[in-house]
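1. okay, here's the prediction I keep looking at, along with the sequence it came from:
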Amino acid sequence: MPFPTLKFGPYRFAPSPWPTLAFAIVFPILLSLGYWQMGRAAAKQELVEQRAASELTAPLALAGTTSLAEDDRYRPAIVTGRYVDDQQWLLDNRVYRGQAGYHVFTPFVIDGERAPALLVNRGWIAVGESREYLPRLPVPEGDVTLRGRLDSPASVGLVVGEVPLQSVEDRVLVQALDIQALAAARQMSLLRYALVIDDGQPGGLQYDWSPIPQMGPEKHLGYAVQWFGLAVALLIIFIGVNTRRNGRGGGKHVNA
């Protein structure tokens with residue numbers, strides 16, 4: 001079945017089947033990628049504004065009865081209690097100044113409670129000479145007061161295999177760390193966010209936290225412009241290739 005022909009003065013637009021099919025597939029993909037990057041930019045902008053607002057918020061005193069809301073993320077907090085070094089989780093694939101390492105998460109019992117109610121992100125530590133041996137991570141004994149920021153563990157794009165949250169080893173290496181899944185697996189009642197302790201706090205390692213996302217909204221907007229630019233270029237090429245001057249032999253292609 002021939003495709004319809006549209007006439008515009010001395011020109012006619014007569015698309016062929018296969019180029020039209022390719023255009024119909026690729027053009028919406030390019031547009032959707034552009035809109036996706038715009039959505040990512042809006043989400044990153046909201047993230048930046050939320051982090052900036054947290055700078056003006058008074059520290060939250062964490063207690064056993066504290067209930068955190070979603071907008072408490074990045075909020076400064078203070079807590080008194082003790083570390084529990086029976087089990088610690090090392091989040092893999094954390095790079096600091098070009099060196100591979102881990103983020104170390106240790107359970108923390110809030111003052112007045114009996115069971116861990118908080119995960120503390122103590123910072124970054126290097127892998128060491130071999131991945132076969134995990135570094136030893138002693139913690140201060142007795143009650144300590146910690147200051148820091150509430151945040152979720154860093155995420156990775158792809159997790160291979162099952163995360164060993166059920167393990168009872170004293171040091172567990174994980175590719176991803178979901179606090180609620182960990183709480184269910186280990187039968188602990190944990191707050192929804194971890195406390196990323198400030199530099200110089202008791203039990204702290206190398207401080208490795210920034211209030212600014214690694215990729216800001218402006219980069220996502222740049223990617224969106226690129227995708228939309230490719231979509232426009234494809235549209236121009238599609239029209240140019242399939243538009244001809246009226247004449248006996250079909251004439252010449254329109255100069256793009």
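-> Sure thing, it's come through.
2. can you pull out the helices in the stretch 101-250 of the chain?
-> Secondary structure of the stretch 101-250 of the chain by DSSP state H, counting those that start in this stretch: the helices cover 179-186, 217-241.
3. of all those, which one is nearest residue 100?
-> helix 179-186 (22.9 Å; CB to CB). Where C-beta positions appear, they are placed from N, C-alpha and C, glycine not excepted.
4. and the contacts of that closest one?
-> Residues from elsewhere that reach helix 179-186 (CB atoms under 8 Å, 6 or more residues apart in numbering): 87, 89, 119, 152-153, 163, 165-166, 188-194.
5. just the buried subset of these, please.
-> Buried members of these, scored by 16 or more other CB atoms under 10 Å, are 87, 89, 119, 153, 163, 165, 188, 190, 191, 193, 194.
6. what's the closest of those residues to residue 17?
-> Of the buried ones among the contacts of helix 179-186, the one sitting nearest to residue 17 (CB to CB) turns out to be residue 163, at 49.0 Å.
7. my read: that closest one touches residue 175, true?
-> Yes - with contacts defined as CB atoms under 8 Å, residue 163 counts as touching residue 175 at a distance of 6.4 Å.
8. picking that back up, quick one: which of the buried ones among the contacts of helix 179-186 is nearest residue 103?
-> Nearest member of the buried ones among the contacts of helix 179-186 to residue 103, counting by CB to CB, is residue 153, at 7.0 Å.
9. so that closest one touches residue 94, yeah?
-> No - look at residue 153 against residue 94 with CB under 8 Å: they stay out of range, at 9.9 Å.
10. which neighbours do these two share?
-> residue 103.
11. how near is residue 17 to residue 24?
-> 11 Å (CB to CB, to the nearest Å).
12. my error: substitute residue 209 in the last question.
-> Distance from residue 209 to residue 24, by CB to CB: 47 Å.
13. try residue 175
-> From residue 175 to residue 24 the distance is 39 Å (CB to CB).
14. neighbour count for the two, which is higher?
-> Neighbours per residue (other CB atoms under 10 Å) separate residue 175 from residue 24, with residue 175 holding more: 15 against 11.
15. hmm, that one is touching residue 162, no?
-> No - with the criterion set as CB under 8 Å, residue 175 and residue 162 do not qualify as a contacting pair; they are 9.6 Å apart.
16. hmm, back to that, and which of the contacts of helix 179-186 is nearest to residue 104?
-> residue 89 (7.7 Å).
17. nearest residue to that closest one in space, please, no chain neighbours.
-> residue 105 (4.5 Å; CB to CB, 6 or more residues apart in numbering).
18. for that neighbour, give me the pLDDT.
-> According to the prediction, residue 105 has pLDDT 95.
19. what's the neighbour count on residue 171?
-> With other CB under 10 Å as criterion, residue 171 counts 17.
20. what does residue 74 give?
-> 21.
21. domain map for this protein?
-> 16-55+212-248, 59-197 (automatic domain parsing).
22. ranking the ones you listed by burial, who's on top?
-> The highest mean neighbour count among these, using mean count of other CB atoms under 10 Å, belongs to domain 59-197: a mean of 16.
23. to the chain's geometric centre, what's the distance from that domain?
-> Between the centre of domain 59-197 and the centre of its chain there are 18 Å (CA atoms, centre = their mean, to the nearest Å).
24. one step back: may I see the helices of the stretch 101-250 of the chain arranged in JSON lines, with mean pLDDT and distance to residue 77 as well?
-> Converted to JSON lines, these look like this (pLDDT from 0 to 100; distance: least, CB to CB, whole Å):
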{"stretch": "helix 179-186", "mean pLDDT": "90", "distance to residue 77": "15"}
{"stretch": "helix 217-241", "mean pLDDT": "89", "distance to residue 77": "26"}
